[in-house]
Structures are given as C-alpha cells and as structure tokens.
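1. Next one to model:
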Amino acid sequence: PNYSSGSVLKFRDSLTIFARQNQYFKSPPKLARLQQLCYTAGAAISGFSGIFFFVTTLQFRSTFNLCIMSSLWSYASLILLLAEVGTVDCATPNILFILADDLNYDLVLKHRSHMPSLTKHFVENGVEFHNHVAATPVCGPSRSSLLSGRYAHNVGYVANVAKRSIDAFSLVENHTVGEWLTKSGYYTAFMGKYVNGMECHRPSGWRHWGGLTCSHINPHEPVDGISGVLGGTYNYYNSSQWNVNRDKNGELVGKETIQIHNGVHQGTFLAKQTLEQAANAKAEGSPFFIHVTPLMVHYGTCYGPLPPDEYNATDPWHEMHLVDPSDPNGNPKGFPISACPTEKRKWDYVGTDAPHYASWNQTESGDVPLWMQERSGEHSGHICCDGFVENRQDIGFRNRSSALLDLDDLIGTVITGLEAMGLLENTVSIFTSDNGYHLGEHRLKFGKSEPYETDIRLPFFVAGVGVAKGQRRAHPTNHIDIGASLVDLAQASAHVPVTLDGKSFVPLLRDTFPAVADWRTFSLSEFYVENNTWLALRTIDPQSGEANVTFHWWCSNQAEVFMKATDPFEMNNVAATPAGQRVVQALLSATIRLGNCSGADCHVLNRGVVLFLNTCPLQPQSNLLTVFHWCTQYFHLCDGHRCPVFSAWYCEHLLLVLVYTCVER
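-> Numbers count the residues shown, from 1 in each chain. Here you go, the predicted model:
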C-alpha cells in the first residue's frame, strides 16, 4: 500500500544502483532469467500467503498467524521489488540534455522546416510540449534553477552576475543534478555555457567538467600555466573551456587544464566532445547523463578579444559600437543581437527580415506597468523601432536564424554519432532553451526578462527510449519540472537531499498519459530585479489544450490580464474590466503563494487568501512576525538593489488582507 512512499522509492533506487554496479545485471539473458525467477517466486509466495491467511484466520484467528502472513507478504513484496529493479535497470536510459541559449518558441516554429535533424529526431520521433515556459526568463537564474531543480526564490540566484546571486548559488553548485546522477551510477558530463558570473568555477559532482571559462584568469593563480585574457564563453570561434575529470568517488583525475579552441566553432567542438564523453561512459559500462549547452543563438563575437581594428567587418563585435545616424550627438548605441554562425550557414538568410507580429512596436491597451513604460520609452515619446533599429533587428534576426541551423547541425551530428555507437536506442534526449527573446514586441528593442510569451515560452522536446513518437502534449510544463524528471528517469531520488519544486513529466512521455486536468493546469514564471519584479501565471484550458489566461502581478502593484483565446499577442490588458477583476481576485493570492512555494506546494493552484490566513481571530504577534518575514524575504530577492515599491506594496497588501479577512469573517 505504501509503494509510492519516499522511503520505498529510495530503497528501490538504492537497489537499482547496486544492480548497475554488479556485472551480473549487465548480462541481458541472465537479467531476464533472474527477473522471471523473482516474479514467479513472488507470485507463488503471495498466493501461498493469501491461502494461508484465509485458512488460518477461519480456524484460529490468532495474532501469531497474522504475523506469519504479514511476513510472507513482505518477502513476496521484496522479491517483486527486486524483479522491478532488474526491469528498471535494464530500462534505465542514457540521458542527453541539449540546452540552447536565448531561443524563443516562435523562432523554432518559423524555421522548423529548415531543421531536418530536429524534425526527424524530436518532432517525428518524440513528444513536443507546446506549453512549456522558463521559470525565470534570463540566462543565469534559468540555468541555476535547471541544475538545482528549484525556483529562483528558493535557490537565491535571481539576477545575472549579481554578487548575492553568485554567493547563493555557490552554496549549492556542487550538489546539483550532476552529483545526484553521479552517485546513482551515471557517468556525468557538462560542456558549454555555465551560470553567468560563475564561469571561473569548476563545480564538483560531475565526472567531466567542460564548462566554457571566464574571460580572465588571475595571473597570480594560473591554471596549467594559462592566465590573463581568454576567449571565454561569448566567442564562437575562440572559446576557452575547462577540462576537469573525476573518478566515481569524486576524486580529481590528472590536473585541471584549459582548452583554447582557436578557429573551431562552438557547435563543432561541442558535438565532437559529446560523442567522446558518451564513448567514455560506454567504455566503463555506465549509463551517461550529458548536458551540453552551446551559446547558439545568443549574441557573441566570432573571435576575440582583439584590438578594435582587427575585427572582421561582419563580426557581431561591431553591434556594441554602432552610431545611430539620426542621433545629432553621435552617441554609440549598443545592439548586441547577433550570434556568429559558421561559414557554412552565415549566408542562409540573406534578404530575410525579422517578422513583425501584432505586438511589434506597439504598446498594450489598458494599464501599462510602470517598468514597461520606462523600458519602452512610453513617457519619453521615444519610438522603439525606427528605421535604424528595425534594420539592426533584421540583421540580428538573420544571424540568429543561421545560428539556429548550426544548432540543428549539432543535433544531427550527436544523434547520428550515438546511433553509430549503438547507444541511441537506450537514450532519452531533451531539447529546450534557457529563455526566450523579444525583438521589437511590446516596443522592446531586443532582449528578454519580461513576462510576455516572447520571453517565457520555449521550444521543448523529448525523444528516445520509452517515449511516444510524433505526439504533442498540452500539459503546462516548466523548467523546474526538468530536474524532477531527470531524477525520475535516472531513479536517483535516494541521492537528492533537498525537496525539488518540479513535477516529473515522465508519465506524460508514454502513449497513455494523464489528462491535463489531472496533471496540472498552470505554469509559473518569476523575475526579481529592481522594479522589473513580477510573477506570471499562465493557465491552460484542459479541453482545448491552449493557454486561456495569463496573469502578471508587478511590484508596482499593477496587474496585467490577457485573454489568450482572443488576444494571443497580449496587447489588450483587461485587468481593469469586470472580467479582468474577477481574474485578479481569483488568481492574485494563489500567484503570491506560488511565488513563495517549495516542493509539492508548487504544483497546486491554491486560491485561499494568503499563506497563513487560515483562522480568525488572529494572533497579532505571530502574524506580524510572519508579515515581517515575507516582506524581508522579498526585499532580499531584490538582490541588494533598490526595490522600495515592491517591499512597500507587498507588506501593505498582506496587512490589508489580514484586516479584510477578519472583518469579513
């Protein structure tokens, strides 16, 4: 009856690890015979104990006989559990996780017909989750949450390269999914872009660490004789990369070194290294978990750093030093949009302009959040997308599109290579991006970090062993769910010392799967930087499988409500209308709860008032302390920046709800 309990699951996972480490279990014929024996013995003992229980209960009704029956049933359950361990071990997959950078849902949708590798492996032979969102739509917080399986409000990394964020993630970076799967018997490897501001780190827990380095190594602390300025992460043809290896016990093998990839594109060497690491896992007889994170399609220079006059005319470096011809003062205008495609792909989209959706260079109707007014130039009268800006967006779009084809080539190289090595048939592959990207929508010139579809909605595919083929899922998934699913796939729960915030989507990968209404009908995204602080709830209609409402709550005490069925580009904020007010009343407290959730509470849309408001009369001291706790927590999440509006409105909101609830009751 308690099979699903945490203790039994951890026991099962421990047995699975034992099975992986025992050579006997690596022989499929022997394994099959052992499984059959276990199932037969388990069924026989179960049947015997049932008959024994029935007869002895009728004749003697003694406690002694009940104990014997209970013991027999326990032995039967244990044997059946051992049989399942054999099954799980046989089906325990290799896991390949490819994470793109700044790749929005619409870009993949537009160019899918130009991506044969994505189409063949993921679209035709996998499952697409078309309601997937980023937990936090910017690089660092998204990546730290992915690795740790928890929301930014629990991890503490909430702002790119901010000191307090780096300090927070430094406390846990050695104890993330890499360590959990390593301890579960996996050969683990990380290669590519790491968490922003932490590129100099070499976290333990991974068998191989190939993160792209920081751009400068302290001359007083050289690594294998290398120090000073490096290509780092954001150079496509001149990247520098860590090479750190550890044994199964986490002990360093050899010395830490740095590889410098002069003249080799990231897409090329990362694809090659992925196959090399898979071969290492195969050689030692271990399943692999390989997390590869290329820079595509993020902005980056081709080569560098170089003296300004040595950059090629087409190098994206120039986008940081442009001068708007319409600016009478000739001030430089940075437009870092373009990736650096390979020579093979760089001209594939010549003459193609960026699409102008209904929200391009437009301001929403209704109440515009103060932050959006500030960022889009609403108060100043500045027009986002004049001719100069539009031209730069077109150029950036072409380069991002070409880099997307490089990404498809990487997928093709890796999948073909795994197939040739005989590993693909037992591999689950995952593909998504850290966050989305806007290019003129909502009058925002370029970038991410906002709660709109352009920034939070992402491509998300899963394919491989045990996964349905050519199917789509409407279930609203979130990056936080990936961590929980990796642990589920690897049967690694015994080695996860923290409560994960996500929900495993593994049950959704089969041909038979739970309905949306029975799984979850919403997804949460969040952001905490100064007055660009918000919570976003995206709800799904269980019948149609499409988004029906998006609700944003800003730290300026402003709400946005978009009815997606009639407003797919989120241009008509109806929060002030009667219908919108009903949405606010229904979702505000539930959204605030989710903004503080942990574990299973993150899967429930609890529409109760707020957290601790369960009974009246209230205990003044304890509840005032609770209010103080949440206010200070939210102020902390502003990451040391000014956030007076947010801390003020949140405290005021909680106190008013306290009073209102008591008066109402």
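2. Quick check: nearest residue in space to residue 327, chain neighbours excluded?
-> Nearest non-adjacent residue to residue 327, counting by C-beta to C-beta, 6 or more residues apart in numbering: residue 333, 7.2 Å away. Heads up, the C-betas are built off the backbone N, CA and C, glycines and all.
3. Do I have it right that that neighbour meets residue 320?
-> No - checked against C-beta atoms under 8 Å, the pair residue 333 and residue 320 is beyond contact range at 9.3 Å.
4. Who has more neighbours out of these two?
-> residue 333 (16 against 13; other C-beta atoms under 10 Å).
5. and stretch 557-565, average pLDDT?
-> Taken as a whole, stretch 557-565 has a mean pLDDT of 95.
6. ok, back up a step: need the contact list for the residue nearest to residue 327.
-> By C-beta atoms under 8 Å, 6 or more residues apart in numbering, the residues touching residue 333 are 322-324, 327, 388.
7. So which of those residues sit within helices?
-> In this view, those that belong to helices under DSSP state H are residue 388.
8. Closest one to residue 400 out of the contacts of residue 333, please.
-> Using C-beta to C-beta, residue 322 comes nearest to residue 400 of the contacts of residue 333, at 17.1 Å.
9. follow-up on the earlier one: just the buried ones among the contacts of residue 333, please.
-> Using 16 or more other C-beta atoms under 10 Å as the burial test, the contacts of residue 333 include 324, 388 as buried.
10. From the contacts of residue 333, pick the one nearest residue 205.
-> residue 322 (42.1 Å).
11. what's the distance between the closest one and residue 346?
-> Remark: distance between residue 322 and residue 346 (C-beta to C-beta, to the nearest Å) = 19 Å.
12. next one: residue 565
-> 40 Å.
13. do the same with residue 477
-> 34 Å.
14. With residue 353 instead?
-> Distance, residue 353 to residue 346, by C-beta to C-beta: 17 Å.
15. more neighbours, those two?
-> More crowded of residue 353 and residue 346, by other C-beta under 10 Å: residue 346, with 19 against 13.
16. export the contacts of residue 333 to CSV and tack on pLDDT?
-> Formatted as CSV, these follow (pLDDT from 0 to 100):
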residue, pLDDT
322, 88
323, 83
324, 77
327, 75
388, 90
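17. can I get the contacts of residue 333 in a markdown table with distance to residue 95?
-> As requested, the contacts of residue 333 are exported to a markdown table (distance: C-beta to C-beta, whole Å):
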| residue | distance to residue 95 |
| --- | --- |
| 322 | 42 |
| 323 | 48 |
| 324 | 47 |
| 327 | 50 |
| 388 | 45 |
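18. Tell me which of the contacts of residue 333 fall in strands.
-> Among the contacts of residue 333, the members found in strands (DSSP state E) are 322-323.
19. Go ahead and flag the most central residue of the chain.
-> residue 479 (3.0 Å; C-alpha atoms, centre = their mean).
20. wait, what's in contact with residue 413?
-> 271-272, 275.
21. Among those, which one lies nearest to residue 371?
-> Closest approach between the contacts of residue 413 and residue 371, by C-beta to C-beta: residue 271, at 39.7 Å.
22. check which helix or strand covers that closest one.
-> Using DSSP states H and E, residue 271 falls within helix 266-284.
23. Could you list every helix and strand in contact with that helix?
-> Contact partners of helix 266-284 among helices and strands, from 3 or more C-beta pairs under 8 Å, 6 or more residues apart in numbering; DSSP states H and E: strand 94-100, strand 187-192, strand 208-211, strand 238-246, strand 288-293, helix 387-420.
24. Mean confidence (pLDDT) on the shortest one, please.
-> Strand 208-211 shows a mean pLDDT of 98.
25. Repeat that for the fourth one.
-> The predicted model gives strand 238-246 an average pLDDT of 97.
26. For that strand, name the packing helices and strands.
-> Counting by 3+ C-beta pairs under 8 Å, 6+ apart, strand 238-246 packs on strand 208-211, strand 252-262, helix 266-284.
27. Quick one, which of the ones you listed gets closest to residue 129.
-> Among those, helix 266-284 comes nearest to residue 129, with 22.9 Å by C-beta to C-beta.
28. Go ahead and name everything in contact with the closest one.
-> So helix 266-284 is contacted by 94, 96, 186-187, 189, 191-192, 208, 210, 236, 239, 241, 261, 287-288, 290, 292, 294-296, 342, 406-407, 409-410, 413-414, 417-418, 421, 423 (C-beta under 8 Å, 6+ apart).
29. Any quick ChimeraX command for the buried ones out of those residues?
-> In ChimeraX, this line selects whichever of those come out buried by 16+ other C-beta under 10 Å:
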select :94,96,186,187,189,191,192,208,210,236,239,241,261,287,288,290,292,294,295,296,342,406,407,409,410,413,414,417,418,423
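30. What's the separation between residue 128 and residue 94?
-> Distance from residue 128 to residue 94, by C-beta to C-beta: 21 Å.
31. Also residue 540?
-> Residue 540 is 31 Å from residue 94, by C-beta to C-beta.
32. And for residue 361?
-> For residue 361, the distance to residue 94 equals 46 Å [C-beta to C-beta].
33. just the strands in the stretch 401-550 of the chain please.
-> Counting by DSSP state E, counting those that start in this stretch, one finds strands in the stretch 401-550 of the chain at the ranges 427-433, 461-464, 471-473, 522-529, 532-540, 547-554.
34. Note down every partner strand of the fourth one and its orientation.
-> For strand 522-529, the paired strands and their directions (DSSP bridges) are strand 532-540 (antiparallel).
35. Compute the number of surrounding residues for the closest residue to residue 396 other than its chain neighbours.
-> Leaving aside its sequence neighbours, residue 396 sits nearest to residue 337 (C-beta to C-beta, 6+ apart; 2.8 Å). Residues lying near residue 337 (other C-beta under 10 Å) number 26.
36. from here on, count from 26
-> Sure, I'll start numbering at 26, so the last one becomes residue 362.
37. how much space between residue 362 and residue 125?
-> Noted for residue 362: a distance of 16 Å to residue 125, by C-beta to C-beta.
38. go on, residue 556?
-> 29 Å.
39. same question, residue 466
-> Using C-beta to C-beta, we find residue 466 at a distance of 19 Å from residue 125.
40. same deal with residue 583?
-> Residue 583 is 32 Å from residue 125, by C-beta to C-beta.
41. Tell me which of these two has more neighbours.
-> The neighbour comparison of residue 583 against residue 125 (other C-beta under 10 Å) goes to residue 125, with 27 against 18.
42. and of the strands of the stretch 426-575 of the chain, who's closest to residue 160?
-> Residue 160 lies closest, by C-beta to C-beta, to one member of those: strand 547-554, at 6.1 Å.
43. quick one: that closest one to strand 572-579, angle?
-> Counting by axes from the mean of the first three to the mean of the last three C-alpha atoms, to 10 degrees, strand 547-554 points 20 degrees away from the direction of strand 572-579.
44. so who does the closest residue in space to residue 425 that isn't next to it in sequence touch?
-> Excluding the flanking residues, the one nearest residue 425 by C-beta to C-beta, 6+ apart is residue 322, at 4.4 Å. If you count contacts by C-beta under 8 Å, 6+ apart, residue 322 has them with 125-128, 132, 364, 425-426, 428-429, 432.
45. ok, residue 214 touching residue 233?
-> Yes - Residue 214 is within contact range of residue 233, at 4.0 Å (criterion: C-beta under 8 Å).
46. how close does residue 443 get to residue 449?
-> Distance of residue 443 to residue 449, computed by C-beta to C-beta: 4 Å.
47. so what sits against both of the two?
-> Shared contacts of residue 443 and residue 449, defined by C-beta under 8 Å, 6+ apart, are absent.
48. Tell me how many other residues surround residue 493.
-> Residues lying near residue 493 (other C-beta under 10 Å) number 18.
49. quick one: secondary structure of the residue nearest to residue 421?
-> coil (DSSP: H, G, I helix; E, B strand; the rest coil).
50. Surely it touches residue 419?
-> No - the criterion here is C-beta under 8 Å, and residue 362 misses it with residue 419 at 9.8 Å.
51. Please identify every residue contacting each of these two.
-> Here residue 362 and residue 419 have no joint contacts, going by C-beta under 8 Å, 6+ apart.
52. ok, back up a step: of the contacts of residue 438, buried ones?
-> The neighbour count (16+ other C-beta under 10 Å) marks 296, 300 as buried among the contacts of residue 438.
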